[in-house]
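1. model the structure of this input:
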Amino acid sequence: MPLFDEWCDCDHQEDGRKHLRRLTERDDGRAAIADRLPDLVRSHYDDMARIADDIRELGYPGAAAILAERMPRSSRARSGELGEILATELVEEQLGFSVPIRRLRYKDGREMALRGDDFIGVRVDGTGDLHFLKGEAKSRANLAGATISEARAALSRDNGRPTATSLLFIADRLMENEGEGAILGRSIRNEVANRAVPPTRIDHALFTLSGNAAPQALRDDLQAASPERTHNVVHLRIPDHQDFIRLTYEGALALGND
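-> Numbers count the residues shown, from 1 in each chain. Here you go, the predicted model:
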């Protein structure tokens, strides 16, 4: 079963091409996903087959030491990266796009934020046309209007298009192997050169994770968004926001105990 369907109740409000999803944990929702969450987080930092190989070669302590070198230690970095992880999972479960590259595997440093768009979804329709989802993820103990405005400004940069640097990063990773991924990577490189995807095929997504309820500023932001494209705004409320983040990373690092 998809993660969010098992974990949360969703209030989905739709107005034309504008969608607001407010997710709240069910009473037993966190317990229902507790066994799945550690591997989900690990998979964003390393290939699960490599982690399994590390366990065979080094045992659980050695494999955990390698994984710890990839994951941030500071609460701020963990907050931001868990927001990106959950946003990626929601995009693939509910918004009809693939996020083909787990970009946290390619960080320059454990505490360093990656530059570029927080996440990019890709879809090829039945006629072979390319569609993009440009996304921003924000995680705050208390989500306020300034953070929402910051995210909207990032989505609006480059005329609302995914940045060329972010697209080329995805394309290059896809083209490191053969098959359908390489074909998609070639199409994305072509798009960087030709800018052929119109605004109507570039959706925007703002994913927010916070301890407080969705503020009015989130609804106001969506109402003011441009009508030329589809907008998805998602808010996931976790009342014990900071404890949830800490426990999630502790669980992901506890190889052999889950």
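
2. helices or strands up against the top helix by length along the chain?
-> Taking DSSP state H as the criterion, the chain has its longest helix at helix 48-70. Under the contact criterion of 3 or more C-beta pairs under 8 Å, 6 or more residues apart in numbering; DSSP states H and E, the helices and strands touching helix 48-70 comprise helix 37-45, helix 241-253. From N, CA and C alone the C-beta is placed, and that goes for glycine too.

3. state the mean pLDDT of the last one.
-> For helix 241-253, mean pLDDT is 97.

4. over to stretch 137-157?
-> Averaging pLDDT residue by residue across stretch 137-157 gives 96.

5. quick one: the helices in the stretch 1-150 of the chain?
-> Across the stretch 1-150 of the chain, reading from the start of the chain, the helices by DSSP state H, counting those that start in this stretch fall at 3-7, 29-33, 37-45, 48-70, 75-94, 145-156.

6. of all those, which lies closest to residue 197?
-> Nearest to residue 197, of all the helices of the stretch 1-150 of the chain, is helix 145-156, at 15.6 Å by C-beta to C-beta.

7. ok, back up a step: tell me which of the helices and strands packed on helix 48-70 sits most buried.
-> Each of these was assessed for mean neighbour count using mean count of other C-beta atoms under 10 Å. The highest is helix 37-45, with a mean of 19.

8. isn't residue 244 right up against residue 238?
-> Yes - under the criterion of C-beta atoms under 8 Å, residue 244 lies in contact with residue 238, with a separation of 4.8 Å.

9. so where's this protein shaky on pLDDT?
-> Low-confidence regions of the chain, defined here as pLDDT under 70, cover residues 1, 110-113, 257-258.

10. from the contact counts, what lies against the longest strand seen in the chain?
-> Of all segments of type strand in the chain, defined using DSSP state E, the longest is strand 130-140. Based on contacts counted as 3+ C-beta pairs under 8 Å, 6+ apart, the elements that strand 130-140 packs against are helix 75-94, strand 119-124, helix 145-156, helix 180-194, strand 202-210, helix 241-253.

11. packing partners for the third one?
-> Meaning helix 145-156. Under the contact criterion of 3+ C-beta pairs under 8 Å, 6+ apart, helix 145-156 touches strand 130-140, strand 202-210, helix 216-224.

12. need the next SSE after it, C-terminal direction.
-> If you walk from helix 145-156 toward the C-terminus, the next helix or strand you reach (DSSP states H and E) is helix 164-174.

13. tell me the secondary structure for residue 214?
-> Each residue gets one of three states, and residue 214 gets coil by DSSP: H, G, I helix; E, B strand; the rest coil.

14. go ahead and confirm it touches residue 237.
-> Yes - here residue 214 reaches residue 237: they are 7.0 Å apart, a contact under C-beta under 8 Å.

15. mutual contacts of the two, please.
-> Contact with both residue 214 and residue 237 is made by residues residue 22, according to C-beta atoms under 8 Å, 6 or more residues apart in numbering.

16. who has more neighbours, the two?
-> Counting neighbours by other C-beta atoms under 10 Å for residue 214 and for residue 237 shows that residue 214 has the greater number, 21 against 18.

17. now residue 98. Nearest residue, chain neighbours left out?
-> If you skip the residues right next to it in sequence, residue 98 has residue 122 as its closest partner in space, 5.6 Å away by C-beta to C-beta, 6 or more residues apart in numbering.

18. how far away is the closest residue to residue 239 other than its chain neighbours from residue 225?
-> Taking C-beta to C-beta, 6+ apart as the measure, residue 239 lies nearest to residue 211, with 5.6 Å between them; neighbours along the chain are not counted. Residue 211 sits at a distance of 25 Å from residue 225 (criterion: C-beta to C-beta, to the nearest Å).

19. I'm done for today, thanks for sticking with me.
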